[in-house]
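Novice: My questions concern the predicted model and sequence given below.
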Amino acid sequence: MIKLKMGNPPHIRTEDTVRAVMVDVLIGLIPATIAATIFFGWYALFLIVLGAFAGELIELWIMKELRKIKDFKWDGSAAVTGALLAMNVGVGTPWWVMLIGVFFALAVAKHAFGGLGQNIFNPALAGRAFLLISFPTYMTGKVFLLPDTVTQATPLTLFGDAGHNINAVWNAGITYWDLFVGKVGGTLGETSALALLIGFVYLVIRKRIKLVIPVTYISTTFVFALIGWLINPKLGDPLFHILSGGLMLGALFMATDMVTSPMTPKGQAIFGFGAGALTYIIRLFGAYPEGVSFSILIMNGLVPLIDMYTQPRIFGEVKE
Amino acid sequence: MRLATFKGGVHPPEKKELAKDKKIERFPLPDTVFVYMANHAGAPAKPVVQKDQEVKTGQVIGEPAGVISAFVHSPVTGKVVEIKKMLHPIIGKPVDTVIIQRTGDDEWELLEGHGDFEKMEPDQIIDLIKRAGIVGLGGAMFPTHVKLSPPPGKKIDTLIINGAECEPYLTIDYRMMLERAEDLLTGIKILKKVLGVERVFVGVENNKMDSIEHLQKVFAGQPIEVVPLKTKYPQGSEKQLIFAITGRKVPRGGLPLDVGVVVQNVGTTIAIKEAVVDGKPLVERGLTVTGEAVKNPGNYIVRIGTPAKAILDHAELDENVDRVLFGGPMMGIAIRDINTPIMKGTSGITALLPEQTEIKMPKPCIRCSKCVMVCPMNLQPYLLYHLVLKKKYDEAVQIGLLDCIECGSCSYICPSKIEHVRQIKLGKTVYRALRGAKK
């Protein structure tokens, strides 16, 4: 007699898994990793790989030893956190500082909130904020090295220190092309818009991205910068603003973190708009030269509220 | 060409190739049939035969026990051997079941008053449909005569024949459209007369282009439009189908007749023809037996009450089978007992191997928002799941718990393998029970 198994419909599922999603995000980060290696040297590659592996190992330890979850299977989300955090530090960062950052991101920003899917704030950005406060020397963007070992401040630092004057950037010999390919000072993963876009295209093709977010984010910053530029050209043109600093990395890879962004396209548009506007505002009026991470962290905190007010209209629901 | 469609939905592997080229065959008459008195939605019928009574094929053995209920007929000529309670796979509880031992070939008891429908009044036709025990053969098993009797004041102007067959694996509607198009046409004419409508559409997914072309040929000169639909699950869901074809949205909590539409499944329409013109009550139906766990898939006309095992033996069931479903893989019900009898709503028997049903790596929700994107009802499955889990039923109802059509698109697409539909079904049951208790 054949014994039949029971189960609930649907009885078939997609091949897709959380691990497959995370592996795709890691693949999407490969071009930026290559760019970082070209512009900052082998140590950059080491930091990124270290971040990814340390992330998985630390998470494994947390799950097995602290949370006592026996059947935990690695899903790659911790590697994404670790790699993204590495993308957010300067090449002068010692390996042990990197480890402290990854540990904070996973233990405090992720698992203290309940683990995968439960965290309110993007763990990599929370880790970056923690390092920024704890080790400002490595994080504030004045000690970034290029392969010819010339110390160069980031374009946004030049811009900010000159009293928000774009001419300071151009006088330093930086061109749009440098900004686009990433031949400027900055954190490991943020400088090359080109590399980030290549990785982003991969994620779009694989449908791993809430596409509304980067589109609204970048265009909002663009429009705000355009208005500022029309009022006062010294504030920098829109192209400069979207190509410099962490905007591309933030809009394409950080703000799009699934766990910490809204669930509906309308909510995602609000989220992208908020982050884009705050980025420009912080760049012009904040104490720090760059505002991407804080903008995203602030918007992360607003996600539950955004989700509540952007519920989709149910099929057949009559307009009120 | 722009294909009619709806927003949302998923693309599971179609797997129609397993059975699509198998011509419909008549399945040998079973020796014993097990006929549930709940062979329809609504109140189970009341048995009107006794143990040891001899019955003819088509003889009434159960009478409706309420407004939403239906007649049940003997599917074979033989003797009632027992009336007992047997587990019903959909209701999940034992229900009255008439067990009939076949004694020989069919001796038919046909419906009184059948014949030329052109000479009949709509009321007469509806009465014939009611006495034939016809219910929706697509799976819902809603009594057809009720669906064809809109309350006064509701004007019906459109008839849609559902040939979408969006459920993977199943091919019986496709075969019916290819092999029984003339009967389908007669059935449509009968329905037009009953409803007094001029606008008729037949919606068929465009993965069945040959059946679309065949219908267009057979229906030539008739005011019937065969509409190719985009192949996407759940295109055949009533509300989504109406929207795809007419652009009308059935209001929340409403029925198709609220937007002037009646939808009938291909199989039901053919059954209506057989009842009204030929006088045959609903004692058999077409179904597909398919899936990776059968060696010999096919399409058959099977008597109601035939144990699934008889059909699966014929199709050579693989002993490594994981589960056997009544229906397809998206909405079908897994049966516990291989001898579970075929019901009026059993459109297929799908037998799957462990490879197909494996759930890889369940994880917590990562808020990827895919469930929200694919929901054809524009609900938030992740939130409904969460609210039901937290027993917040009233909040869940506010955001659409009762609007869920249980198509399973959310659970299908979920990378974390969350069982939204199971939780939502549970939530509906508990909510209704609690509301019932309050009254």
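Specialist: Received the coordinates, thanks. A quick note: this is a predicted structure, and the numbers were derived from the prediction, not measured.
Novice: Now for B:Gly139: which residues touch it?
Specialist: Shown in contact with B:Gly139 (CB atoms under 8 Å, 6 or more residues apart in numbering or on different chains): B:327, B:331, B:345, B:347. From N, CA and C alone the C-beta is placed, and that goes for glycine too.
Novice: Mind telling me what element it is part of?
Specialist: Of the helices and strands defined by DSSP states H and E, none includes B:Gly139.
Novice: Quick check: the farthest pair among the contacts of B:Gly139?
Specialist: B:Met331 and B:Gly345 (11.0 Å; CB to CB).
Novice: residues near residue 88, how many?
Specialist: You didn't pick a chain, so chain A it is. A:Asn88: 29 surrounding residues under other CB atoms under 10 Å in any protein chain shown.
Novice: hm, I was asking about chain B
Specialist: 20.
Novice: And for B:Gly247?
Specialist: 9.
Novice: Quick check: closest non-adjacent residue to whichever residue of chain A sits closest to chain B.
Specialist: Closest contact between chain A and chain B, by CB to the nearest CB, is at A:Pro10 (3.5 Å). In space, and not counting its chain neighbours, A:Pro10 is closest to B:Gly408: 3.5 Å by CB to CB, 6 or more residues apart in numbering or on different chains.
Novice: what ranges do the strands span in the stretch 251-400 of chain B?
Specialist: Counting by DSSP state E, counting those that start in this stretch, one finds strands in the stretch 251-400 of chain B at the ranges B:261-265, B:284-290, B:298-303, B:323-326, B:333-334, B:348-352.
Novice: and the longest one, which strands flank it?
Specialist: Right, the one you point to is strand B:284-290. strand B:298-303 (antiparallel), strand B:348-352 (parallel) (DSSP bridges).
Novice: which of those is buried the deepest?
Specialist: strand B:348-352 (a mean of 29; mean count of other CB atoms under 10 Å in any protein chain shown).
Novice: So what touches stretch B:277-284?
Specialist: B:57-58, B:60, B:71, B:73-75, B:108, B:110-112, B:114-117, B:131-135, B:186, B:190, B:271, B:274-275, B:301-304, B:344.
Novice: Next: stretch A:117-128.
Specialist: Under CB under 8 Å, 6+ apart, the answer for stretch A:117-128 is A:80-82, A:84-85, A:87-89, A:101-102, A:104-106, A:108-110, A:113, A:139, A:254, A:257, A:259-260, A:293, A:296-297, A:300-301, A:303-304, B:363-367, B:416.
Novice: Need the buried ones from those selected in PyMOL.
Specialist: Buried residues among these (16 or more other CB atoms under 10 Å in any protein chain shown), as a PyMOL selection:
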select buried, (chain A and resi 80+81+82+84+85+87+88+89+101+102+104+105+106+108+109+110+139+254+257+259+260+293+296+297+300+303) or (chain B and resi 363+365+366+367+416)
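Novice: From the contacts of stretch A:117-128, which land in helices?
Specialist: Counted as lying in helices by DSSP state H, out of these, are A:80-82, A:84-85, A:87, A:101-102, A:139, A:293, A:296-297, A:300-301, A:303-304.
Novice: Identify each buried residue in whichever strand or helix holds A:Val201, please.
Specialist: Using DSSP H and E, A:Val201 sits within helix A:193-205. By neighbour count with 16+ other CB under 10 Å, helix A:193-205 contains the buried residues A:193-200, A:202-203.
Novice: Distance to B:Val33 and pLDDT added to the residues you listed, as CSV?
Specialist: Listed next are those as CSV, based on distance: CB to CB, whole Å; pLDDT from 0 to 100:
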residue, distance to B:Val33, pLDDT
A:Ala193, 71, 96
A:Leu194, 71, 97
A:Ala195, 69, 97
A:Leu196, 67, 97
A:Leu197, 66, 97
A:Ile198, 65, 98
A:Gly199, 62, 98
A:Phe200, 61, 97
A:Tyr202, 58, 98
A:Leu203, 56, 97
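Novice: Give me the distance from stretch B:17-32 to the chain's centre.
Specialist: 18 Å (CA atoms, centre = their mean, to the nearest Å).
Novice: Quick one: end-to-end length of it, please.
Specialist: The straight-line separation of the ends of stretch B:17-32 (CA to CA, to the nearest Å) is 32 Å.
Novice: Check chain B for the residue nearest chain A and tell me.
Specialist: Counting by CB to the nearest CB, chain B gets nearest chain A through B:Gly408, at 3.5 Å.
Novice: correct me, but that residue touches A:Arg13?
Specialist: No: using CB atoms under 8 Å as the test, B:Gly408 is too far from A:Arg13 to be in contact (9.6 Å).
Novice: Comparing those two, which shows the higher neighbour count?
Specialist: B:Gly408 (28 against 22).
Novice: And the residue lying closest to B:Ile349 once chain neighbours are set aside, how close does it get to B:Thr171?
Specialist: Distance criterion CB to CB, 6+ apart; nearest residue to B:Ile349, sequence neighbours excluded, is B:Val289 at 4.6 Å. Distance, B:Val289 to B:Thr171, using CB to CB, to the nearest Å: 10 Å.
Novice: Mutual contacts of those two, please.
Specialist: Contacts common to B:Val289 and B:Thr171, judged by CB under 8 Å, 6+ apart, are B:19, B:299.
Novice: Please, where are all the helices along chain B?
Specialist: B:122-131, B:144-147, B:172-179, B:181-195, B:209-218, B:238-246, B:266-276, B:308-314, B:354-357, B:370-374, B:381-389, B:393-398, B:409-413, B:420-438.
Novice: what's next to the first one, contact-wise?
Specialist: Pointing back at helix B:122-131 there. For helix B:122-131, using CB under 8 Å, 6+ apart, the contacting residues are B:70-71, B:111-114, B:117, B:120, B:143-145, B:148-149, B:190, B:193-196, B:272, B:275-276, B:281.
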